[in-house]
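Novice: Mind looking at a prediction? Sequence and model below.
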Amino acid sequence: MFRDIVSNEEAKSFLQRELSYNRKSGTYLFYGEDRELQMRFALALAKGLNCENMENDFCGTCETCKRIDHLTHGDLDIIEDPNGVKIDQVRKMIYEASTTSYEGGKKVFIIKDIDKMKKEASNGLLKIIEEPKDGTFFIMLSNSLNLLGTIKSRSIILPINKQKPEDLNINEEEYKFFLGRAIEIEKYLEISNEKYLKEPLSYETIGENIKKYISTGEFKYKINVYKAIRDFVKNRKYIDKIDRMFFCDEILRGGGDRNFIKEIIAYSIELLKCPEKMEDFLILKGLQRYPINIKNLLITFFVKD
Ligand SMILES: [Zn+2]
């Protein structure tokens, strides 16, 4: 239910009001720094639109709500690509949006990271959101409002703010460790505690922890990956080049895919975000936009002084 989501009171009442209008179709744009939190709101809206027991709020327990939560509902489509949704995916979505509902409910398309889309795909998207068919809803997610003006002007825009440490019932340090990502913090609170977070873990263990995280999906190994990065970042000055190379090799040996490695770099960038590291930060922001050899990216970031 909406009321189970902590924080963002305004966004929640806004969506509940939206639902009370019983719109026939709609195009929404949610933006904010916390991607997973945006997704939680998008799914809440999808449930609100389709719940079998809807009364001011979705129930969260009916078959429809459950299937939306498990992403198995026939009328829910998630369109995503970590590097930005491609034109082919947009074309497929346009086709899907033109067909009738599988389950007799409202069709909901959640399009992730639209700020990463290239021009051609954005233009395709623009066409479809202009005049959504009755019973069709688009929920676009973005990290920023740095988007085509025409996309913004056709959307109902809603900021989704990052949760604060007090919302999540944790201290500043824990909050920073997870970069304020609400969903990760919830997973952390289920399995671990502050004491564990404080215990150091050598950066040398990064490879084995990536490997374990990839093969089991257990969140504790991701915490360890973060801890290893924290250790590296903290001691970077004292680690010589050979050992820094070793760190890069370990990351590669962990067997994560390109996107996971980018996530590791993004996490490191966030940890380094202090004035004297601004230069590194800017270089990387630039590099991440281009398709470059992942090993070069790691070396550029972790090995150079
Ligand atoms: Zn329900």
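Specialist: Sure, I can see it. Numbering: from 1, shown residues only.
Novice: care to break the chain down by domain?
Specialist: According to automatic domain parsing, the chain comprises the domains 2-159, 200-303.
Novice: Over the shortest one, what's the mean pLDDT, rounded is fine.
Specialist: The average pLDDT within domain 200-303 is 84.
Novice: same question, stretch 158-172
Specialist: Here the average pLDDT along stretch 158-172 is 91.
Novice: Show me what that stretch is in contact with.
Specialist: Outside stretch 158-172, the residues that touch it by CB atoms under 8 Å, 6 or more residues apart in numbering are 6-8, 11, 14-15, 28-34, 37-38, 41, 174-175, 180, 182, 185-186, 189, 194. For the C-beta atoms, the positions are set from N, CA and C on the backbone; glycine is no exception.
Novice: Could you tell me which of these count as buried?
Specialist: Listed as buried from those are 7-8, 11, 15, 28-32, 34, 37-38, 41, 174-175, 180, 182, 185-186; burial here means 16 or more other CB atoms under 10 Å.
Novice: Those in strands, which ones?
Specialist: Judged by DSSP state E, the subset of the buried ones among the contacts of stretch 158-172 located in strands is Y28, L29, F30, Y31.
Novice: and those as CSV, adding pLDDT?
Specialist: Below are these laid out as CSV (pLDDT from 0 to 100):
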residue, pLDDT
Y28, 97
L29, 97
F30, 97
Y31, 96
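Novice: what's the closest of those to the ion?
Specialist: Of all those, Y28 has the smallest distance to the ion: 19.6 Å, by CB to the ion.
Novice: give me the residue from the stretch 101-250 of the chain nearest the ion.
Specialist: Proximity of the stretch 101-250 of the chain to the ion (CB to the ion) peaks at G105, 11.0 Å away.
Novice: can you tell me how far the residue nearest to that residue when sequence neighbours are not counted sits from E120?
Specialist: Excluding the flanking residues, the one nearest G105 by CB to CB, 6 or more residues apart in numbering is N50, at 4.3 Å. Distance of N50 to E120, computed by CB to CB, to the nearest Å: 31 Å.
Novice: Quick check on the two: which one has the bigger neighbour count.
Specialist: N50 (25 against 11; other CB atoms under 10 Å).
Novice: just checking, that one touches K106?
Specialist: Yes. When contacts are counted by CB atoms under 8 Å, N50 is listed as touching K106 (5.7 Å).
Novice: number of nearby residues for I239?
Specialist: With other CB under 10 Å as criterion, I239 counts 17.
Novice: How about the contacts made by it?
Specialist: Contacts of I239 by CB under 8 Å, 6+ apart are Y203, F232, F247.
Novice: Repeat that for G84.
Specialist: Contacts of G84 (CB under 8 Å, 6+ apart): D113, K116, M117, K118, A121.
Novice: Just the strands from the stretch 101-250 of the chain, written as ranges.
Specialist: Secondary structure of the stretch 101-250 of the chain (DSSP state E, counting those that start in this stretch): strands at 107-111, 136-142, 156-159.
Novice: who does the longest one pair up with?
Specialist: The strands that strand 136-142 pairs with in its sheet are strand 26-31 (parallel), strand 107-111 (parallel) (by DSSP bridges).
Novice: Repeat that for the last one.
Specialist: Note on strand 156-159: by DSSP bridges, its sheet partners are strand 26-31 (parallel).
Novice: Name the surrounding residues that touch the strand it pairs with.
Specialist: Counting by CB under 8 Å, 6+ apart, the neighbours of strand 26-31 from elsewhere in the structure are 18, 38, 41-42, 45, 114, 129, 132, 137-145, 147, 151-152, 154-160.
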